[in-house]
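>>> Predicted model and sequence follow; I will ask about them next.
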Amino acid sequence: MRTFGYGFSGVLLGVYLIFLGGGDTAVFASLGLSLASGAVLNIVVGRYGDRFGRRRSMALFGGLMAVAGTVLAVAPDFTWALLALAMGALSPTGTEVSPFLSVEQSIVADVAPAGKRTRAYATYNLAGSLAAAAGALASGLPTLLHGAAPVTAEPLRPMFLFYALLGIVAIALALSLPASVELQRTGTRRPLTAASRSRVTRMASLFAVDSFAGGLVVQSFIALWFYRTYPESRAVLPAVFFLAGVLSAFSFPIAARLGERFGLLETMVFSHIPSSVCLILMPLLPGFLPALAAFLVRMSLSQMDVPTRQAYLAGIVGPEERTAANAVTNTARTVSQAAGPFTASALVAVALSVPFILGGSLKIVYDLSMYSTFRKIRPDGL
């Protein structure tokens, strides 16, 4: 339910904010505000999530989704829309960046059968990505119902009311989870051990580089880039992001099998580098179709590191440390990703291609650094 909402909001959000009166620079910066607010919530989750209760935490975030969607749907102008973005319950990336992620990653690791953790993460991400892809396709509903690509905010408002309804469904689903998803040892908060803290700190630092690079080219930015650069893309953008989401989704089970065969770290790194090369090529290739091809190839590879990364982190810390470790790394990712749109808002003054080139280059640096730093550390189980 949640990622379905992220799917259509990720495609529509940038354009919707433009229609509400935001300029390109202000819109790109506002996407960073949304990510920064989510980072604050991730810090809260890391400190209090297990003690407050995983189900109750997830229900609370569902409530934030409902409120943010409602505010965005009725916002009379860009300034009011900023209130919704400040709640940290929207995803301009079109993927999961919310505090839900830290809680759910811990649940998946705890309930996965022995030796099947990576496959459990792959299934979890497959379901979420397929829903996000369907959401991206649903972003075409305003065009379908309006009879043409919208040129004002009005046809898009019902989509954000629908987003609010999805938040209410998320509340119900969270509260319906069994008691077994809760961490049983909640009497005192256990800090990360020295060894785990060292590993998590190094990993969070590297994740920050990757996420900053990704923040330069979040889905809302890419959708707006296609919209601006290739007018012929406007009618097919929902289908484009649907196909991209499907390609990403089915890369997850492949990544799990590759991780079991070749190693989690190796799969993370060596699937990520080619996707970064495609990101660099997108604005350099001549015409819409070559740029589209580079984008789709990138999306078929770029998310293969997600289940392997989640399983790897779960395997190098203790079970009672996972929520805290996930919160630390997710916060580092979200904070640095939030800086990406702010930086992109300045870079586009030079050229729209600069965020793609810089983002892809930084991601390659991240991959090589990750492999160099962690190649001798093997996780406990897969």
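Thanks, I have the structure now. Numbers count the residues shown, from 1 in each chain.
>>> How far does stretch 39-53 sit from its chain's centre?
18 Å (CA atoms, centre = their mean, to the nearest Å).
>>> got a list of contacts for it?
Contact with stretch 39-53 is made by 57, 61, 64, 88, 98-99, 102-103, 106, 182-183, 186, 189, 323-324, 326-328, 330-331, 334-335, 338, as judged by CB atoms under 8 Å, 6 or more residues apart in numbering. Every residue, glycine included, has its C-beta placed from N, CA and C.
>>> out of the residues you listed, which are buried?
Buried members of the contacts of stretch 39-53, counted by 16 or more other CB atoms under 10 Å: 57, 61, 64, 88, 98-99, 102-103, 106, 183, 323-324, 326-328, 330-331, 334-335, 338.
>>> how distant is the longest helix seen in the chain from the center of its chain?
Longest helix in the chain by number of residues, with DSSP state H as the criterion: helix 24-52. Centroid separation between helix 24-52 and its chain, computed with CA atoms, centre = their mean, is 12 Å.
>>> what is the mean pLDDT for it?
Mean per-residue pLDDT for helix 24-52: 79.
>>> ok, now stretch 337-357?
84.
>>> Stretch 69-88: which residues count as buried?
Across stretch 69-88, burial judged by 16+ other CB under 10 Å covers 69-73, 75, 78, 81-82, 84-88.
>>> Give me the buried stretch members for the lowest-mean-pLDDT helix or strand in the chain, please.
For the chain, counting by mean pLDDT, DSSP states H and E, helix 24-52 ranks last in confidence among helices and strands (a mean of 79). By neighbour count with 16+ other CB under 10 Å, helix 24-52 contains the buried residues 24, 27-46, 49-50.
>>> Compute the inter-axis angle for the following helix or strand past it and helix 24-52.
Once the chain leaves helix 24-52, the next helix or strand it forms, by DSSP states H and E, is helix 54-74. Inter-element angle recorded for helix 54-74 and helix 24-52: 160 degrees (by axes from the mean of the first three to the mean of the last three CA atoms, to 10 degrees).
>>> which is the next helix or strand following helix 54-74?
helix 78-85.
>>> gap between the two ends of stretch 342-362?
For stretch 342-362, the first-to-last residue distance is 16 Å (CA to CA, to the nearest Å).
>>> Just the buried residues of it, please?
Within stretch 342-362, the residues that qualify as buried are 342-345, 347-348, 352-360, 362, counting by 16+ other CB under 10 Å.
>>> From what I see, A213 and L358 are in contact.
Yes: taking CB atoms under 8 Å as the definition, A213 is a contact partner of L358 at 7.4 Å.
>>> Could you check how far stretch 311-330 is from the centre of its chain?
From the chain centre to the centre of stretch 311-330 is a distance of 18 Å (CA atoms, centre = their mean).
>>> Skipping adjacent residues, who's closest to V11 in space?
Once flanking residues are discounted, V11 sits nearest to S139: 4.0 Å by CB to CB, 6 or more residues apart in numbering.
>>> quick one: contacts for that neighbour?
7-8, 11-12, 159, 237-238, 241.
>>> Show me which pair in the buried residues of stretch 69-88 is furthest apart.
F78 and G88 (18.3 Å; CB to CB).
>>> what's next to stretch 309-322, contact-wise?
Residues outside stretch 309-322 that contact it (CB under 8 Å, 6+ apart) are 105-106, 108-110, 117-118, 121, 125, 183, 185, 190, 192-193, 196, 199-200, 203, 259, 264-265, 268, 325-326, 329, 374, 377, 379-382.
>>> Restricted to helices, list those.
Those of these lying in helices (DSSP H): 105-106, 108-110, 117-118, 121, 125, 196, 199-200, 203, 259, 264-265, 268, 325-326, 329, 374.
>>> show me where the stretch 101-250 of the chain has helices.
117-138, 141-146, 157-175, 194-215, 219-229, 237-262 (DSSP state H, counting those that start in this stretch).
>>> again, but for the stretch 251-382 of the chain
Under the criterion DSSP H, counting those that start in this stretch, the stretch 251-382 of the chain contains helices at 264-281, 288-301, 305-315, 322-347, 354-374.
>>> Buried deepest among the ones you listed, which one?
Among these, helix 305-315 has the highest mean neighbour count (mean count of other CB atoms under 10 Å), at a mean of 26.
>>> Among the buried residues of stretch 342-362, which one sits closest to W225?
L352 (5.9 Å).
>>> low pLDDT regions in the protein?
For the chain, the stretches with pLDDT under 70 are 94, 97-99, 184-191, 381-382.
>>> Tell me what angle the least confident helix or strand of the chain forms with helix 219-229.
Using the same axes, to 10 degrees: helix 24-52 against helix 219-229 is 160 degrees.
>>> Specify the angle between helix 24-52 and helix 322-347 in degrees.
Going by the same axes, to 10 degrees, helix 24-52 makes 170 degrees with helix 322-347.
>>> residues contacting A208?
Applying CB under 8 Å, 6+ apart, the residues contacting A208 are 332-333, 335-336.
>>> any idea how far the closest residue to V27 other than its chain neighbours lies from N326?
Nearest residue to V27, sequence neighbours excluded (CB to CB, 6+ apart): L17, at 4.6 Å. Plainly put, L17 is 30 Å away from N326 if you go by CB to CB, to the nearest Å.
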